[in-house]
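S.K.: Just the structure for this:
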Amino acid sequence: PNNLSKGELKSVISSSLFLKEKFKPDGEFEKLKSRLVAGGHMQDKELYQKDDISSPTVGTSSVMTVIAIATKEKRNVTTADIGGAYLNARMTKGKLILMRLSKENAAILVWLKPEYSVFLQPNGTMIVRLTKALYGCVESAKLWYNHLRHALEADGYTQNPIDICVFNKTVNRVQCTICVHVDDLLFTSVDESIIDNTLQYLIGVYKEVSISRGKVQQYLGMLFDFSTPGKCYVSMPKFTEEVIRKGNVSGVAATPALESLFVIREDAQPLNPEQSEDFHSTVAMCQYLAKRVRPDILCPVVFLSTRVQAPDVDDLAKLERLLKYINGTSSYGICIEPEKDGIMSMHVYVDASFAVHHEFRSHTGIVVTFGGGGIYFRSTKQKLNTNSSTEAELVAVSDAMPSLVFVREFLIHQGYDMGPANLYQDN
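M.R.: Model prediction:
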């Protein structure tokens, strides 16, 4: 530290050590996790290219599509977690990233490595240089992604250009697919030996790799249950319980919303700051649940998410009804089941509700299915006013097109000969 210039000392970022209990999606305790995190908020992002600080993660619709394929083709499904993932990637050559360890963390380091005691500051802290991509630094996620991508490519995998976090490899005409979400990997293949060989390769590269096999798998907080042949049930039981507990709800409701969902009274009493904060966090949790396994609550959740900046008592009542519905349907999820005729076809269902919002905007609903299971759901307020229900339906079809094209192109690059997609619209 004595050799650092004033400019370098000013660039020193902070650090924090976090402890967190980690649970499986079914609620079972998994482990107590600790993580040292760098204060990346103190870094100057202008020193980096945009592509250097933006890392991709696999899309939920891509995961659902891969699961639908696995269900149809009776593929083996395995998940893996790479321990200390970011630390496998080195910081960009020539970049000097300095970080200050707190007094407590510096003491832990000296206890583990007594020779580091000479670097202690008078106040008990310690300044260190980061040579590995530590969690929290603005560039770490992209550095880790690039490291993993190069490792998979070296083993013969290629990216799906539509979702670059999905990798494929074909061995003796048998495909193995890997979905990548940071350090969590999802493998599917008819030939389990291909998965095993890849896992052994990754263990050789990264050493610490946790592997889960079996008919029930957890991935991205979702529980995938393949116990029933030809079907996959997708749910989030643990998180659903957290939503119900967070909402402190009792009782049930037959539907997630009433016909008055979109009605906004100008004279409704606003919530106080504490209530507003609680409203915001609860709606965010509901949104996380809805976008993954509960499309049946997506419409009211999307509306309530537009009200989080200034919620009122009416909004709170609507949220309470939604929570009662979730409480009465806590076991609900998605069932992905291939079509009985064996054809892996793609269908898109589109509908619009004309001028239902208070500013007379219409609302769009979209469902995309592949192989008999829902893989993409969207509910959204339209971005322009329309003059008729017919026009609103046309706008809804236009809203659906990007999703349709994305999923269809993704499937084509997965090796499927896709014909025209079927789009259903009721006007």
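S.K.: tell me the pLDDT at the closest residue to Asp426 other than its chain neighbours?
M.R.: Distances taken as C-beta to C-beta, 6 or more residues apart in numbering place Asp351 nearest to Asp426, at 6.1 Å, with adjacent residues excluded. Placement of C-beta: from N, CA and C, glycine included. Among the per-residue scores, Asp351 holds a pLDDT of 94.
S.K.: In terms of helices and strands, where is the residue nearest to Asn160 when sequence neighbours are not counted?
M.R.: Distances taken as C-beta to C-beta, 6+ apart put Val166 closest to Asn160, at 4.3 Å, once the chain neighbours are dropped. Using DSSP states H and E, Val166 sits in strand 163-171.
S.K.: Show the subsequent helix or strand relative to that strand.
M.R.: Following strand 163-171 in sequence, per DSSP H and E, is strand 174-181.
S.K.: Distance from the chain centre to that following strand, please.
M.R.: Once both centres are worked out by C-alpha atoms, centre = their mean, to the nearest Å, strand 174-181 turns out to sit 17 Å from its chain's centre.
S.K.: Report the mean confidence score over it.
M.R.: pLDDT averaged over strand 174-181 gives 96.
S.K.: Quickly run through the sheet partners of it, with directions.
M.R.: Strand 174-181 has its sheet partners listed here by DSSP bridges as strand 163-171 (antiparallel), strand 184-189 (antiparallel).
S.K.: what comes up buried for it?
M.R.: Buried residues in strand 174-181, counted by 16 or more other C-beta atoms under 10 Å: 175-181.
S.K.: isn't there a helix covering Arg149?
M.R.: Yes - assignment of Arg149 by DSSP: H, G, I helix; E, B strand; the rest coil places it within a helix.
S.K.: rewinding a little: who's in contact with the strand holding Val166?
M.R.: If you take C-beta atoms under 8 Å, 6 or more residues apart in numbering as the criterion, strand 163-171 is touched by 56-59, 62, 66, 149, 152, 155-160, 175-181, 191, 194, 198, 410, 414-415.
S.K.: got the CA coordinates for that strand in PDB?
M.R.: What follows is strand 163-171, C-alpha atoms only, in PDB (Å, rounded to 0.1, in the frame of the first residue of the first chain):
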ATOM      1  CA  ASP A 163     -29.800 -18.000 -27.100                       C
ATOM      2  CA  ILE A 164     -26.100 -18.100 -26.600                       C
ATOM      3  CA  CYS A 165     -26.400 -19.700 -23.200                       C
ATOM      4  CA  VAL A 166     -27.600 -22.900 -24.800                       C
ATOM      5  CA  PHE A 167     -24.900 -25.200 -26.000                       C
ATOM      6  CA  ASN A 168     -25.200 -28.400 -28.100                       C
ATOM      7  CA  LYS A 169     -23.000 -31.300 -29.000                       C
ATOM      8  CA  THR A 170     -23.800 -34.300 -31.200                       C
ATOM      9  CA  VAL A 171     -22.100 -37.600 -30.700                       C
END
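S.K.: pLDDT at Val12, what is it?
M.R.: The model's pLDDT for Val12 equals 87.
S.K.: Quick one: low-confidence residue ranges for the protein.
M.R.: For the chain, the stretches flagged by pLDDT under 70 are 1-8, 25-27, 47-51, 340-344, 371.
S.K.: now the helices: where do they sit in the protein?
M.R.: For the chain, the helices defined by DSSP state H cover 6-10, 60-73, 103-112, 140-154, 192-206, 237-247, 273-290, 298-305, 313-328, 389-413.
S.K.: May I see the buried residues of the longest one?
M.R.: What that stands for is helix 389-413. Those would be 391-397, 399-400, 403-404, 406-408, 410-411, 413, for helix 389-413 by 16+ other C-beta under 10 Å.
S.K.: What lies in contact with stretch 17-30?
M.R.: By C-beta under 8 Å, 6+ apart, the surrounding residues in contact with stretch 17-30 are 31-37, 102, 104-105, 218, 221-223, 235-239, 241.
S.K.: who's the residue nearest to Asn160 bridged to?
M.R.: Cys179.
S.K.: What is the burial count for it?
M.R.: 25 (other C-beta atoms under 10 Å).
S.K.: now it: how far from Thr131?
M.R.: 31 Å (C-beta to C-beta, to the nearest Å).
S.K.: who's in contact with the closest residue to Tyr145 other than its chain neighbours?
M.R.: Excluding its sequence neighbours, the residue lying closest to Tyr145 (C-beta to C-beta, 6+ apart) is Ser55, at 4.6 Å. Going by C-beta under 8 Å, 6+ apart, Ser55 touches 141-142, 144-145, 182.
S.K.: Dump the residues you listed into a markdown table; add neighbour count and distance to Lys383 as well.
M.R.: A markdown table is the format used below for those (neighbours: other C-beta atoms under 10 Å; distance: C-beta to C-beta, whole Å):
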| residue | neighbour count | distance to Lys383 |
| --- | --- | --- |
| Ala141 | 22 | 31 |
| Lys142 | 20 | 31 |
| Trp144 | 22 | 36 |
| Tyr145 | 21 | 32 |
| Val182 | 19 | 32 |
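S.K.: what about the residue nearest to Asp426, neighbour count?
M.R.: 18.
S.K.: swap in the one 10 residues further on?
M.R.: Taking other C-beta under 10 Å as the criterion, the count of residues near Arg361 is 20.
S.K.: What of Phe187?
M.R.: 26.
S.K.: and if you look at Glu277?
M.R.: By other C-beta under 10 Å, the burial measure for Glu277, its neighbour count, is 13.
S.K.: What distance do you get for it to Leu319?
M.R.: 13 Å.
S.K.: repeat for Val350
M.R.: Distance from Val350 to Leu319, by C-beta to C-beta: 27 Å.
S.K.: Neighbour count: those two, which is higher?
M.R.: Val350 (25 against 22).
S.K.: Tyr325 against Ile297, yeah?
M.R.: Yes - between Tyr325 and Ile297 there is a contact at 6.9 Å, judged by C-beta atoms under 8 Å.
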